[in-house]
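J.: Give me a model of this one.
(chains A and B)
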2 protein chains.
Amino acid sequence: MSEFRKSTITGRWVIIAEERSNRPNAFRHYPIEDDPAESCPFCPGHEQMTPAPVLTYSAPGGTNSAWSLRVVPNRFPALRIEGELDQRPSGIYDKMHGLGAHEVVVETPEHQTDMAHYGLPQMVQVFQAYRDRMSDLFKDRRFTYVLAFKNFGSAAGATLSHSHSQLIALPVLPTQLEREIAGASKYHEFRGRCFFCDAVAQELIAGERIVVQNDHFVAFTPFASRFPFELQIIPKTHGAFYWTLTRNQMEGFAEILRDVLRRYKLALKNPPYSYMIHTAPPDYRTPEVFHWHAEIMPKLTEVGGFEWGSGFYINPKPPEEAARILRELELVMNVPERHLLPSPKGRTYGY
Amino acid sequence: MSEFRKSTITGRWVIIAEERSNRPNAFRHYPIEDDPAESCPFCPGHEQMTPAPVLTYSAPGGTNSAWSLRVVPNRFPALRIEGELDQRPSGIYDKMHGLGAHEVVVETPEHQTDMAHYGLPQMVQVFQAYRDRMSDLFKDRRFTYVLAFKNFGSAAGATLSHSHSQLIALPVLPTQLEREIAGASKYHEFRGRCFFCDAVAQELIAGERIVVQNDHFVAFTPFASRFPFELQIIPKTHGAFYWTLTRNQMEGFAEILRDVLRRYKLALKNPPYSYMIHTAPPDYRTPEVFHWHAEIMPKLTEVGGFEWGSGFYINPKPPEEAARILRELELVMNVPERHLLPSPKGRTYGY
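T.: Numbers count the residues shown, from 1 in each chain, chains lettered A, B, ... in the order given. Now for the predicted structure:
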């Protein structure tokens, strides 16, 4: 029997409709493509194919020129760093100059790997790079927000296969964050507590939507999941700003995110996915209200006219069932790491 | 140079970033699949494969059992018509019973055709069926809204290839409509006029975003288009409710929608697309404020982490350029209709 569920924080309704998963082709399988390394602009030796880096981490014990991570401006930027905001009308419409920054985090020199296969230090470097770039970009007072996100696989929006994520600095607060912050504020006014802290507490007691947890983080399928197998990773300790996370917490984040990506790979046959980090903006004045977190969405279905036209989402996989499937992989994942590596892209693990 | 543009009506920001269209694989081509007619539940002779119809139009001059259009309940419904709304808490969350209706409009008995190839009477029948079903569904006072929409091609969310559209009756007003109505109300309070009437007037004067018009309708690319080649079709005469459209207007709507679908087919190589009808809800008390319209979106790009995480959209094709490309097909489209028909699915026209 289907059910409407409302996201307390965004006000968004979703329809959890398990019957729909019986349709022919209800879930699709999108292959992960592989670009040739010879022409890959993110491979070592091809550094001249990208703009000059804004951040480089050296490979430990490598030669002077060996790097383990680079951040470069996007060659095809959605936004540019020059100019002022300059909001102005165009008849009844509004527009402004495309001010911002668009950077690419080349997460590893290795062409043939993906995040689910990283060692923990490599994972930690990526999250360190987000933090370092956010700190630097926020020195520019024209930027209100920086969104860190990753697309894996072309069906999730990636145009290159070499493992990378992106940062977009924006002069205005994104709508999605505006809504989450407004939802969190309303909840805080009414209950006097952080919604996300309450959600973590309720989820841990109920257990049915928990996928995995460690000392610092919990990963669960949201009550009002828009998409099958959508996940949230929330720090157990309250904190509004991503960039205040300690080294220990960052290791915990690296560990849990890699864990859920491996679960996706095993349970969903190496699906494309996107993740994004939702932090409070730097000028946020009520840090007790908002709680930073990550959202992760595998691409298994298409969004169509109903979703675009209504703003509602039909999710054919109840989040409780998605969580159970991902959670029950636990034992399988306890094999030694060397059995997980290396695995060619586009394949599931060989066991 | 990229540009932020704001939708006056939804408040949504988009980033028009032409540079992004130079990326490798910026636009994708999704093939239109074809299911075998033998197992198609929408083909004549297979009527027992669907639930009993809620509406049937007879084929003119056909035998008693010949139909030209059928509306049947969806075999895999997102919502069901039984029960009460029954909103209730689940700890800090809210849920309610999946009350609603989910119907399929089988638009034609012909398995091998698509809407761009319909004769005008067939087009008109489809829009007549939306109206008839809305009237009937709104007799049920539990329903607040009916969304009529169509997905063409599996990449746009269709699971069967036989030409069809869908109706979903909802017990709550969809978020997207809520936002459009709120935006239109704000504009009306401030300017004392209908936003959509003003938009039509401004677009017709500017001309640069117009694709095609007839006596009753105008089709243009919205100033803040989320997606490449997205279109709106707006009636030139103010009207809040889709179902008040006269026979003449319905013919005008059929003509202009078929025209833009043919332009998509020619210019974009038979792309998947979705369209949806946005009408005011039946209990709407200020019909001078809202203006019904259709939105049409071809599927040419993927939505990724930036869009999901920010609620902003990056559109690599300026709507002025998209409109020019579609508009300049005019002469090509003036060939006699027999040259357009029949054309196998998955191919562009042969000239």
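
J.: Please count neighbours and contacts with C-alpha atoms only from this point.
T.: Noted.

J.: quick one: the strands in the stretch 51-200 of chain A?
T.: Ranges of strands in the stretch 51-200 of chain A, per DSSP state E, counting those that start in this stretch, are A:55-58, A:67-73, A:88-90, A:93-97, A:101-106, A:145-152, A:164-170.

J.: just the ones you listed: most buried one?
T.: For these, average neighbour numbers computed from mean count of other Cα atoms under 10 Å in any protein chain shown are highest in strand A:145-152, which has a mean of 27.

J.: Partner strands of it and their direction?
T.: Sheet pairing here is set by DSSP bridges, and for strand A:145-152 it gives strand A:164-170 (antiparallel), strand A:273-278 (antiparallel).

J.: okay if I get those strands as CSV plus distance to A:Glu288 and mean pLDDT?
T.: Below are the strands paired with strand A:145-152 laid out as CSV (distance: least, Cα to Cα, whole Å; pLDDT from 0 to 100):
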stretch, distance to A:Glu288, mean pLDDT
strand A:164-170, 24, 97
strand A:273-278, 15, 98
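
J.: which parts of the stretch 1-150 of chain A sit against chain B?
T.: Counting by Cα under 8 Å from any Cα of the partner chain, the residues of the stretch 1-150 of chain A close to chain B are A:1-8, A:12-13, A:15-17, A:19-20, A:22-26, A:76-80, A:91-99, A:147, A:149-150.

J.: for chain B, what are the nearby residues on the stretch 201-350 of chain A?
T.: By Cα under 8 Å from any Cα, the residues of the stretch 201-350 of chain A that approach chain B are A:202, A:223, A:274-278, A:301-306, A:309-312, A:314.

J.: what stretches of the stretch 51-200 of chain A score poorly on pLDDT?
T.: For the stretch 51-200 of chain A, the stretches with pLDDT under 70 are A:62, A:64.

J.: need the helices for it, in chain order.
T.: A:120-137, A:175-191, A:195-206 (DSSP state H, counting those that start in this stretch).

J.: Point out the other helices and strands that the last one packs with.
T.: In terms of contacts (3 or more Cα pairs under 8 Å, 6 or more residues apart in numbering or on different chains; DSSP states H and E), helix A:195-206 is packed against helix A:175-191.

J.: Report whether the helix it packs on contacts chain B.
T.: Yes - contact of helix A:175-191 with chain B (Cα under 8 Å from any Cα) involves A:Thr175, A:Gln176, A:Leu177.

J.: Give the rounded mean pLDDT of whichever strand or helix holds A:Gln249.
T.: Assigned by DSSP states H and E, A:Gln249 falls within helix A:247-268. Confidence for helix A:247-268, expressed as mean pLDDT, is 95.

J.: ditto for stretch A:310-317
T.: Averaged across stretch A:310-317, pLDDT comes to 95.

J.: ok now it, how far from the chain's centre?
T.: Distance, stretch centre to chain centre, for stretch A:310-317: 20 Å (Cα atoms, centre = their mean, to the nearest Å).

J.: Just the CA coordinates for that stretch, please, in CSV.
T.: The C-alpha coordinates for stretch A:310-317 follow below in CSV (Å, rounded to 0.1, in the frame of the first residue of the first chain):
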residue,chain,number,x,y,z
SER,A,310,4.5,18.4,-9.3
GLY,A,311,7.7,18.7,-7.2
PHE,A,312,6.6,15.4,-5.6
TYR,A,313,8.7,12.3,-6.0
ILE,A,314,7.5,8.7,-6.5
ASN,A,315,9.9,6.3,-4.9
PRO,A,316,9.3,2.6,-5.6
LYS,A,317,11.7,1.3,-2.9
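
J.: For the spatially most central residue of chain A, which non-adjacent residue is spatially closest?
T.: Nearest to the mean C-alpha position of chain A, counting by Cα atoms, centre = their mean, stands A:Tyr275 at 1.7 Å. Using Cα to Cα, 6 or more residues apart in numbering or on different chains and skipping residues adjacent in sequence, the residue nearest A:Tyr275 is A:Ile296, 4.2 Å away.

J.: Name the SS class of the one you found, please.
T.: Three-state assignment for A:Ile296 (DSSP: H, G, I helix; E, B strand; the rest coil): strand.

J.: how close does it sit to A:Leu266?
T.: 16 Å (Cα to Cα, to the nearest Å).

J.: So for those two, which residue has more residues nearby?
T.: Higher neighbour count among A:Ile296 and A:Leu266: A:Ile296, with 26 against 20, using other Cα atoms under 10 Å in any protein chain shown.

J.: returning to what we had before: so for the residue nearest to A:Tyr275, what's the pLDDT?
T.: Looking at A:Ile296, its pLDDT is 98.

J.: Same question for A:Ala206.
T.: pLDDT, A:Ala206: 96.

J.: got the contact list for A:Tyr264?
T.: A:Tyr264 is in contact with A:Asn270, A:Pro271, A:Pro298, A:Leu326, counting by Cα atoms under 8 Å, 6 or more residues apart in numbering or on different chains.

J.: Could you do A:Pro228 as well?
T.: A:Pro228 touches A:Pro298, A:Leu300, A:Asn315, A:Pro316, A:Lys317, A:Pro318, A:Pro319, A:Ala322, counting by Cα under 8 Å, 6+ apart.
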